[in-house]
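1. build the 3D model from these lines:
(one chain, ligands or ions: 3)
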Amino acid sequence: MSVDYPRYLRNDKLPLYWCPGCGNGIVLKALLGAIDDLRWEKDDMVMVSGIGCAARGSGYVDFHTLHTLHGRAVPAATAIKMCHPSMHVIVFSGDGDMLAIGGNHFIHACRRNINITMVVVNNWIYGMTGGQYSPTTPPGSKASTMPQGNIDSNFDVVELARGAGATFVARGSVAEPALLKNYLRKGLEHKGASVIDAISSCHTQWGGRNQLGDPVQLVEHIRNMTVSRNNADVLSREELTGKLVTGIFHQDLEKKEYAQAYAELSRPVEQNVVV
Ligand SMILES: Cc1ncc(C[n+]2csc(CCOP(=O)(O)OP(=O)(O)O)c2C)c(N)n1
Ligand code: SF4
Ligand SMILES: [Mg+2]
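-> Residues are numbered from 1 along each chain as shown. Ligands and ions are numbered 1, 2, ... in the order given. Alright, predicted model coming up:
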């Protein structure tokens, strides 16, 4: 069934701020498709973002929204979930916002296993501010602050989130929007900290510096460098070099969810007494 996207958007805020061909629109569309599958009511959702191109996403959706400071989307989302446990809380923000200035908040939300869905819109760069390198910029690729090629190693968002304790971890990309939508839906449904590494495309700031300034060419590049978990299983270590594996990597249904644990703790003592 086709999705009525305008139903979910603040149509008076259009056209989008994003450069034509930016991957952010594909990620947002996949997210709205996932929400539509779940039939969630707009008033039951809060979308929170920090600052950056991707973070502008919260301004376009007709849910409860909060556009916070750079890097502070996750703690704001945590506070909302603690005060309104029945709300579906979604963080939609960039790699710089979530993993550089907001990196500490990110790992602790994963560790606590609070029931929020963190969508890392991962375009490997600070798009909004002029192409500075981020914690996910691939080694060797160029950025305005690494004009000769990045000498840092980059975070693997999946490994980082899993290691920090998130209980649902997946990676998809703008090259496979239908799969990305499925991962987002499963992450939204999951009762705990869920992280979806959504590989996105910034042809303007990352692509232009790396001979991939054409948006279609950049998405093709992402398609060529991604491989599904099933296909990756039969590839050798050499064949996997430089590839990004996509799929669902981790789901733990046992670990206690934080807002629930806190609610149980703060019930009046007599309610906790077993007679
Ligand atoms: C405290 C603070 N530091 C720095 C900035 C400048 N700033 C705004 S967005 C941004 C980076 C955004 O990168 P990312 O999160 O990857 O988002 P993208 O634009 O790539 O979607 C920076 C450094 C700011 N607004 N506030
Ligand atoms: S600068 Fe990059 S991330 Fe920002 S809107 Fe343009 S293409 Fe998208
Ligand atoms: Mg970015």
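2. residue boundaries of the strands in the stretch 101-250 of the chain?
-> Assigned by DSSP state E, counting those that start in this stretch, the stretch 101-250 of the chain shows strands spanning 116-122, 168-173, 194-199, 226-228, 244-251.
3. and these: which comes nearest ligand 1?
-> Closest to ligand 1 of these, according to Cβ to the nearest ligand atom: strand 116-122, at 5.9 Å. All C-beta spots, glycine's among them, are computed from the backbone N, C-alpha and C.
4. what does the stretch 1-150 of the chain put close to ligand 1?
-> Neighbours of ligand 1 within the stretch 1-150 of the chain, by Cβ under 6 Å from any ligand atom: 51-54, 70, 94-97, 121, 123, 125-129, 134.
5. just the buried subset of those residues, please.
-> Neighbour-count burial (16 or more other Cβ atoms under 10 Å) is assigned, among those, to 51-54, 70, 94-97, 121, 123, 125-128, 134.
6. these: which two are farthest apart?
-> Using Cβ to Cβ, the pair of those lying farthest apart is H70 and N123, separated by 15.9 Å.
7. export the strands of the stretch 101-250 of the chain to TSV and tack on mean pLDDT and distance to P138?
-> Shown next, in TSV, are these (pLDDT from 0 to 100; distance: least, Cβ to Cβ, whole Å):
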stretch	mean pLDDT	distance to P138
strand 116-122	99	11
strand 168-173	98	14
strand 194-199	98	11
strand 226-228	97	13
strand 244-251	98	9
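8. between those, which one is nearest to I90?
-> Set against I90 and scored by Cβ to Cβ, the strands of the stretch 101-250 of the chain come closest in strand 116-122, at 4.8 Å.
9. pull the distance from the closest one to the chain's centre.
-> The chain centre lies 2 Å from the centre of strand 116-122; the measure is Cα atoms, centre = their mean, to the nearest Å.
10. what of stretch 232-252?
-> That offset, for stretch 232-252, works out to 19 Å (Cα atoms, centre = their mean).
11. stretch 165-179 now?
-> How far stretch 165-179 lies from its chain's middle: 8 Å, per Cα atoms, centre = their mean.
12. do the same with stretch 112-125
-> For stretch 112-125, the separation from the chain centroid amounts to 4 Å (computed by Cα atoms, centre = their mean).
13. just to revisit the earlier point, rebuild the strands of the stretch 101-250 of the chain as CSV, extending it with distance to ligand 3.
-> CSV is the format used below for the strands of the stretch 101-250 of the chain (distance: least, Cβ to the ion, whole Å):
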stretch, distance to ligand 3
strand 116-122, 7
strand 168-173, 14
strand 194-199, 11
strand 226-228, 17
strand 244-251, 15
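14. export these to JSON lines and tack on distance to R185?
-> Below are the strands of the stretch 101-250 of the chain laid out as JSON lines (distance: least, Cβ to Cβ, whole Å):
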{"stretch": "strand 116-122", "distance to R185": "10"}
{"stretch": "strand 168-173", "distance to R185": "10"}
{"stretch": "strand 194-199", "distance to R185": "10"}
{"stretch": "strand 226-228", "distance to R185": "17"}
{"stretch": "strand 244-251", "distance to R185": "11"}
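15. which among those is found nearest to ligand 2?
-> When the strands of the stretch 101-250 of the chain are compared by Cβ to the nearest ligand atom, strand 116-122 sits nearest ligand 2, at 8.3 Å.
16. format the CA atom coordinates belonging to the helix or strand that contains T65 as PDB.
-> Of the helices and strands defined by DSSP states H and E, T65 is found in strand 64-67. What follows is strand 64-67, C-alpha atoms only, in PDB (Å, rounded to 0.1, in the frame of the first residue of the first chain):
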ATOM      1  CA  HIS A  64       6.100  16.400  18.600                       C
ATOM      2  CA  THR A  65       9.600  17.600  17.800                       C
ATOM      3  CA  LEU A  66      12.600  19.100  19.500                       C
ATOM      4  CA  HIS A  67      15.500  20.700  17.700                       C
END
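17. one step back: A79 is nearest to which of the strands of the stretch 101-250 of the chain?
-> strand 116-122 (10.5 Å).
18. near ligand 2, which residues of the stretch 151-275 of the chain? Just list them.
-> Contact residues, the stretch 151-275 of the chain versus ligand 2 (Cβ under 6 Å from any ligand atom): C202, H203, T204, Q205.
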